[in-house]
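Visitor: output the structure for:
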Amino acid sequence: MDSVMEIIRTDNFLLVLLGIMVVLLIAFIVLLAKFSSLSKKYKNFMVKLGDGKNLEEDLETYMYRVDKVEKENAKISNQIENLGHNLEKCIQKMGMVRYNAFKDVGSDLSFSLALLDENNNGVVLNGIYARETSNIYAKPIKNGKSTYAISEEEAEAIQKAMTSKEIQKD
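Guide: Purely as a prediction, here's the structure:
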């Protein structure tokens, strides 16, 4: 232990210790310069990325907008689904037959018009034209059939409607 104390008291030890301190001081200054340079680069990067604004605020604004768009998309999807269900009840199929109701009247001025939804429910209209009068009759249709007596032309119009192309649903 005495020998260690003697070495510590010598001038050589103090010179070595001083040399180590100088090396450490130089290393500290180099590290400080590199840190300062890196800090400037980081700040410049953040300013360019954030258009001169606070990047954290921009990210919060972006996340708020994304949440808002997600909620709006869910709402729109729900509305589309509801529209799809309502579309089933809309007129989607049509069939029409023109004919002469009376032999003395030409040009097929009488008609039968079937208007049906996706489930073949709707109405068949029958317009009968005569020289002196014109009448229109409506008969309800359920699943492609009516509880009322159907004429040959009305049956043909209903059949045309049921075999017509439906509105395309995507």
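Visitor: and the helices in the chain?
Guide: Using DSSP state H, the helices of the chain run over residues 2-9, 11-49, 55-87, 152-163.
Visitor: against which helices or strands is the last one packed?
Guide: When contacts are defined as 3 or more Cβ pairs under 8 Å, 6 or more residues apart in numbering; DSSP states H and E, helix 152-163 packs onto strand 93-99, strand 110-116, strand 122-129. (C-beta placed from N, C-alpha, C; glycine too.)
Visitor: pLDDT below threshold where in the protein?
Guide: 1, 4-5, 7-9, 48-54, 105, 166-170 (pLDDT under 70).
Visitor: among the helices and strands packed on helix 152-163, which is the most enclosed?
Guide: Per-stretch averages of neighbours, counted by mean count of other Cβ atoms under 10 Å, single out strand 110-116 among the helices and strands packed on helix 152-163, with a mean of 23.
Visitor: ok, residues contacting it?
Guide: 91-101, 122-129, 141, 144, 151, 153-154, 156-158, 160-162 (Cβ atoms under 8 Å, 6 or more residues apart in numbering).
Visitor: try it again at 7 Å.
Guide: Residues from elsewhere that reach strand 110-116 (Cβ atoms under 7 Å, 6 or more residues apart in numbering): 91-101, 122-129, 141, 153-154, 157-158, 160-162.
Visitor: quick check: angle from it to strand 93-99?
Guide: With axes from the mean of the first three to the mean of the last three Cα atoms, to 10 degrees as the basis, strand 110-116 and strand 93-99 are set at 170 degrees to each other.
Visitor: want to throw the helices and strands packed on helix 152-163 into CSV with distance to Gly84?
Guide: As requested, these are exported to CSV (distance: least, Cβ to Cβ, whole Å):
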stretch, distance to Gly84
strand 93-99, 17
strand 110-116, 18
strand 122-129, 19
